[in-house]
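1. heads up, no residue letters with this:
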């Protein structure tokens with residue numbers, strides 16, 4: 001988020017926050033989301049107005065053209081920590097991810113770095129070296145559950161084993177638990 005954008009959003013959020021009681025804040029958040037042209041029908045966005053605005057600005061800054069589509073598919077994108085979201089996107093771009101991947105599969109931004117993204121991509125890299133050079137789409141490897149993930153690798157002729165992957169995954173999950 002640029003400094004100018006951040007200052008403008010801060011001023012707007014302060015204006016909206018001043019004088020509102022708790023019940024009014026949810027209505028204001030819903031109104032803000034609706035006025036931005038997004039729909040979270042059936043979902044309650046519990047994050048602050050600053051978080052909502054900051055996440056919209058971040059998505060615009062990385063080049064997401066249809067933020068409404070992203071919000072509709074993953075309303076919680078308005079609640080994610082923008083720094084974690086940025087770290088995930090930056091990491092995924094090292095494996096070939098593009099803005100279009102976020103637009104088409106916004107759940108990528110909600111996946112855990114240590115419980116899914118890093119272990120899967122490191123596991124595949126240990127089998128093939130360079131994922132892109134091997135003709136694999138790293139983004140597609142993140143989506144299925146663990147069993148389907150291993151099946152995809154096996155169909156590609158890789159020596160992939162759910163037990164072996166499970167051990168690797170457990171080590172990352174242990175690190176994730178220690179960080180909490």
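-> It's in. Nothing here was measured: the structure is a model prediction, and the numbers come from that model. Residues are numbered from 1 along each chain as shown.
2. low-confidence regions, this structure specifically.
-> Counting by pLDDT under 70, the chain contains low-confidence ranges at 1-25, 35-40, 42-44, 175-180.
3. scan it for its longest helix.
-> Counting by DSSP state H, the longest helix found in the chain is helix 162-179.
4. tell me which strands and helices it is in contact with?
-> Judged by 3 or more Cβ pairs under 8 Å, 6 or more residues apart in numbering; DSSP states H and E, the packing partners of helix 162-179 are helix 118-128, helix 146-155. In short, each C-beta sits where N, CA and C put it, glycine included.
5. need those in a markdown table (columns: distance to residue 110 and mean neighbour count).
-> Shown next, in a markdown table, are the helices and strands packed on helix 162-179 (distance: least, Cβ to Cβ, whole Å; neighbours: other Cβ atoms under 10 Å):
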| stretch | distance to residue 110 | mean neighbour count |
| --- | --- | --- |
| helix 118-128 | 15 | 18 |
| helix 146-155 | 17 | 15 |
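6. now distance to residue 26 too, for those helices, in TSV please.
-> Formatted as TSV, the entries for the helices and strands packed on helix 162-179 read as follows, by distance: least, Cβ to Cβ, whole Å:
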stretch	distance to residue 26
helix 118-128	35
helix 146-155	37
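7. so which of those helices is nearest residue 48?
-> Relative to residue 48, the nearest member of the helices and strands packed on helix 162-179 by Cβ to Cβ is helix 118-128, separated by 28.6 Å.
8. gap between the closest one and the chain center?
-> Distance, stretch centre to chain centre, for helix 118-128: 20 Å (Cα atoms, centre = their mean, to the nearest Å).
9. hmm, who's touching that helix?
-> Outside of helix 118-128, the residues that reach it under the criterion Cβ atoms under 8 Å, 6 or more residues apart in numbering are 91, 95, 131, 134, 136, 138, 141-142, 149, 153, 158-160, 165, 168-169, 172.
10. one more time with 7 Å
-> Contacts with helix 118-128, where a contact means Cβ atoms under 7 Å, 6 or more residues apart in numbering, come from 95, 131, 134, 136, 138, 141-142, 149, 153, 158-160, 165, 168-169, 172.
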